[in-house]
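A.B. asks: let me see the structure of the following:
(2 chains)
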Amino acid sequence: MLELKHISKYYNVGTVNEMCLFQDFNLSIRDGEFISVVGSNGSGKTSMLNIICGSIDIDSGSILLNGRDITHMKEHKRLEKIGRVFQNPAMGTCPNMTILENLSIADHKGKSYDLRRGIQKKRTDFYREQLSLLNLGLEDKLHVKVGALSGGQRQALSLLMSTMTPIDFLILDEHTAALDPKTAEVNMELTNRLVQEKHLTAIMVTHNLRYAVEYGNRMIMMHEGKAVLDRSGKEKAATKVEDVLGIFNEISVESGN
Amino acid sequence: MTLLLSVLEQGLIYAIMALGVYITYKILDFPDLTVDGSFPLGAAIAGAMISRDLNPLATLPICFLAGALVGMCTGLIHVKLKVRDLLSGIVMMTALYTVHLRVAGRANLPIYNKTTIFENDLVSKLIPQGLQKFDTVLIVLVITVLVKYLLDWYLSTKSGYILRAVGDNEALVTAMAVDKGTIKIIGLSIANGLVALSGCIFAQQQRFYDASMGTGTVVIGLASVIIGTSLFKRMTFLRVTSSVVIGSVLYKGCVALAIKLGFESTDLKFITAALFLIILVLGRDRKRKVKTNA
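C.D. replies: Presented below is the predicted three-dimensional model:
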């Protein structure tokens, strides 16, 4: 369970460009929820993810993870139980290291990076098996540098790496936006499968309304730092792309876009 | 023959420093100028210890630790005080100039006829009379190869993996719940430890410490790393660390050749700069080729 309570965040305080992003923003995410978040640019979607991860500080409010206050916890400490996949496929992997080395790093998340051998032979089979589940043929490329892979392959690897160790929470930040439609589809299916199989609690920001409607069991639409739409359960299941698009346009007209 | 020997000796000694520069420049992607200070620091400590007739073998670990401490300071300045990488190195390099002068006690400290790692009872017993000419190069070779293998081993550990990851993709290291600052500090410590160790051995081979010894060290280090890595890029059987060692020897060879061709020793810095520029341009050209091929 993750709770954002009374979050306020201002940019450029004290200048003419002062901008309020969040004012008394509240959101609680229950275990097992797979939330898709939509909204126009600048509506605060990615900022919300950054606030959860601790990449940006908040001015007031608190963040609770399973009842524990993590508001002032450092980013890397928080990420011990949070997995994150970024829009840019390059962000989730090390390009100059091999697939095997990347997986080995991910496999040790939360444990100490000490002076024992980086690659344990007995784990290699496990990595190969995990890779074969991606259906991208990566299991035969263990010693290939990740930089030589395509964006889609790297993103799939990022997904695998960020969900390798037990996490409380998976954050997907427009993770299919930089991929071609076919590859995006493959990665989205993979995401859904990982979330279901590992019973992950996940939050996915996306500009693809179809993905937002099709996947997940709750949907939020953000606008000017507020959740203007919040549907879950049957109500979410009954929501169609046209409905979302309608609301989206309505809001845009209101704000003069 | 003498020329070849001295190229090998100096090339291999500087190779240890180049391995340090390899860690900061290639692995951490951190342009570390501390090197210009930690190299003569190692030389000064070696000079001070040996002129007091202390055990020469003890100079090696002590210089490494002193260098590591210096590297840690650069790291702390960069990470904790949030000073830019280049500037943190400059701060430390400038401060170290005073430090190594103080350690040595004066600007030039000769240690002729003293017991060093090259001149002691053990060496004269172990190495037969006929091979005396080669004892220095043999000892240097053993130390450099040992350091290279130790570094190879470290880079294949989990700790080494995360060090490589920091230079490759900082965001990933944070995502792995590791503080990237700490890893950078560890990397800078190891790197400057190696540089000081190199300075320590260099002073004993030259049989003196000189305050100006460190000037331009970072350029020599960078040149060696770039020669090594770009020249042997396609030879996958060679480890990068081996390429750096060979790069260092090749670089020393180029400089020696230039002097042999009639340049004065006062021209040395200019030759160094010119060589470095050539290497940089050639290295970049290769990179572009690789890109168009891909």
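A.B. asks: how about the residues of the stretch 151-294 of chain B by chain A?
C.D. replies: Within the stretch 151-294 of chain B, the residues that sit near chain A (C-beta under 8 Å from any C-beta of the partner chain) are B:154, B:156-162, B:164-165, B:168-169, B:171-180. Heads up, the C-betas are built off the backbone N, CA and C, glycines and all.
A.B. asks: buried members of those into ChimeraX, please.
C.D. replies: Remark: buried members of these, expressed as a ChimeraX selection using 16 or more other C-beta atoms under 10 Å in any protein chain shown:
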select /B:157,158,159,160,161,162,164,165,168,169,171,172,173,174,175,176,177,178,180
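A.B. asks: helices along chain A, start to end?
C.D. replies: Taking DSSP state H as the criterion, chain A contains helices spanning A:45-53, A:75-78, A:99-107, A:121-132, A:151-162, A:181-197, A:209-214, A:233-237, A:241-254.
A.B. asks: can you lay out those helices as JSON lines showing mean neighbour count, mean pLDDT and distance to residue A:23?
C.D. replies: As requested, those are exported to JSON lines (neighbours: other C-beta atoms under 10 Å in any protein chain shown; pLDDT from 0 to 100; distance: least, C-beta to C-beta, whole Å):
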{"stretch": "helix A:45-53", "mean neighbour count": "22", "mean pLDDT": "91", "distance to residue A:23": "13"}
{"stretch": "helix A:75-78", "mean neighbour count": "17", "mean pLDDT": "91", "distance to residue A:23": "23"}
{"stretch": "helix A:99-107", "mean neighbour count": "23", "mean pLDDT": "95", "distance to residue A:23": "37"}
{"stretch": "helix A:121-132", "mean neighbour count": "14", "mean pLDDT": "92", "distance to residue A:23": "43"}
{"stretch": "helix A:151-162", "mean neighbour count": "24", "mean pLDDT": "94", "distance to residue A:23": "31"}
{"stretch": "helix A:181-197", "mean neighbour count": "17", "mean pLDDT": "92", "distance to residue A:23": "31"}
{"stretch": "helix A:209-214", "mean neighbour count": "18", "mean pLDDT": "92", "distance to residue A:23": "25"}
{"stretch": "helix A:233-237", "mean neighbour count": "12", "mean pLDDT": "89", "distance to residue A:23": "26"}
{"stretch": "helix A:241-254", "mean neighbour count": "13", "mean pLDDT": "84", "distance to residue A:23": "17"}
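A.B. asks: any chance of CSV for those helices, columns distance to chain B?
C.D. replies: As requested, these are arranged in CSV below (distance: least, C-beta to the nearest C-beta, whole Å):
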stretch, distance to chain B
helix A:45-53, 9
helix A:75-78, 5
helix A:99-107, 5
helix A:121-132, 12
helix A:151-162, 7
helix A:181-197, 16
helix A:209-214, 23
helix A:233-237, 29
helix A:241-254, 31
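A.B. asks: CSV for those helices, including distance to residue B:46?
C.D. replies: Below are the helices of chain A laid out as CSV (distance: least, C-beta to C-beta, whole Å):
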stretch, distance to residue B:46
helix A:45-53, 48
helix A:75-78, 39
helix A:99-107, 37
helix A:121-132, 42
helix A:151-162, 45
helix A:181-197, 56
helix A:209-214, 64
helix A:233-237, 72
helix A:241-254, 71
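A.B. asks: for residue B:279, what are its contacts?
C.D. replies: Contacts for residue B:279 (C-beta atoms under 8 Å, 6 or more residues apart in numbering or on different chains) come out as B:223, B:226, B:227, B:230.
A.B. asks: hang on, I meant residue A:151
C.D. replies: Shown in contact with residue A:151 (C-beta under 8 Å, 6+ apart): A:89, A:178, A:179, A:183.
A.B. asks: top of those by number of neighbours, please.
C.D. replies: Within the contacts of residue A:151, most neighbours by other C-beta atoms under 10 Å in any protein chain shown means residue A:89, with 25 neighbours.
A.B. asks: how close does that residue get to residue A:150?
C.D. replies: As defined by C-beta to C-beta, to the nearest Å, residue A:89 lies at a distance of 8 Å from residue A:150.
A.B. asks: please apply the same query to residue B:120.
C.D. replies: Residue B:120 is 59 Å from residue A:150, by C-beta to C-beta.
A.B. asks: quick one: residue B:270 from chain A, how far?
C.D. replies: According to C-beta to the nearest C-beta, to the nearest Å, residue B:270 stands 34 Å off from chain A.
A.B. asks: do the same with residue B:121
C.D. replies: Look at residue B:121 and chain A: by C-beta to the nearest C-beta, they are 35 Å apart.
A.B. asks: could you count how many residues lie near that residue?
C.D. replies: Per other C-beta under 10 Å, the neighbour tally for residue B:121 reads 8.
A.B. asks: likewise for the one 4 residues further on?
C.D. replies: In terms of burial, residue B:125 registers 8 neighbours under the definition other C-beta under 10 Å.
A.B. asks: tell me the SS of it?
C.D. replies: Under DSSP: H, G, I helix; E, B strand; the rest coil, residue B:125 falls in the helix class.
A.B. asks: for it, what are its contacts?
C.D. replies: If you count contacts by C-beta under 8 Å, 6+ apart, residue B:125 has none.
A.B. asks: which helix or strand in chain B has the lowest average pLDDT?
C.D. replies: helix B:268-293 (a mean of 69; mean pLDDT, DSSP states H and E).
A.B. asks: how far away is residue A:91 from residue A:47?
C.D. replies: 17 Å.
A.B. asks: helices or strands next to whatever helix or strand residue B:10 lives in in the packing?
C.D. replies: Following DSSP states H and E, one finds residue B:10 within helix B:2-21. Helices and strands touching helix B:2-21, as assessed by 3 or more C-beta pairs under 8 Å, 6 or more residues apart in numbering or on different chains; DSSP states H and E, comprise helix B:35-51, helix B:135-155, helix B:180-206, helix B:217-231, helix B:240-260.
A.B. asks: which elements pack onto the fourth one?
C.D. replies: Here helix B:217-231 is seen to pack against helix B:2-21, helix B:35-51, helix B:240-260, helix B:268-293 when contacts are counted using 3+ C-beta pairs under 8 Å, 6+ apart.
A.B. asks: and if you look at the last one?
C.D. replies: Using 3+ C-beta pairs under 8 Å, 6+ apart as the contact criterion, the secondary-structure elements in contact with helix B:240-260 are helix B:2-21, helix B:135-155, helix B:217-231, helix B:268-293.
A.B. asks: go with 6 Å
C.D. replies: If contacts are counted by 3 or more C-beta pairs under 6 Å, 6 or more residues apart in numbering or on different chains; DSSP states H and E, helix B:240-260 sits against helix B:2-21, helix B:135-155, helix B:217-231.
A.B. asks: chain center to that helix, what's the gap?
C.D. replies: Computed by C-alpha atoms, centre = their mean, to the nearest Å, the chain-centroid distance of helix B:240-260 equals 13 Å.
A.B. asks: in it, what counts as buried?
C.D. replies: The neighbour-count check on helix B:240-260 (16+ other C-beta under 10 Å) flags B:240-256, B:258 as buried.
A.B. asks: closest to residue A:80 out of the contacts of residue A:151?
C.D. replies: Checking these against residue A:80 by C-beta to C-beta gives residue A:89 as the nearest, at 23.2 Å.
A.B. asks: now do stretch A:160-168: everything it contacts.
C.D. replies: A:81, A:83, A:85, A:106, A:107, A:109, A:110, A:194, A:198 (C-beta atoms under 6 Å, 6 or more residues apart in numbering or on different chains).
A.B. asks: just the strands from the stretch 1-150 of chain A, written as ranges.
C.D. replies: With DSSP state E, counting those that start in this stretch, the ranges of strands along the stretch 1-150 of chain A come out as A:2-11, A:19-29, A:34-39, A:60-65, A:68-69, A:82-85.
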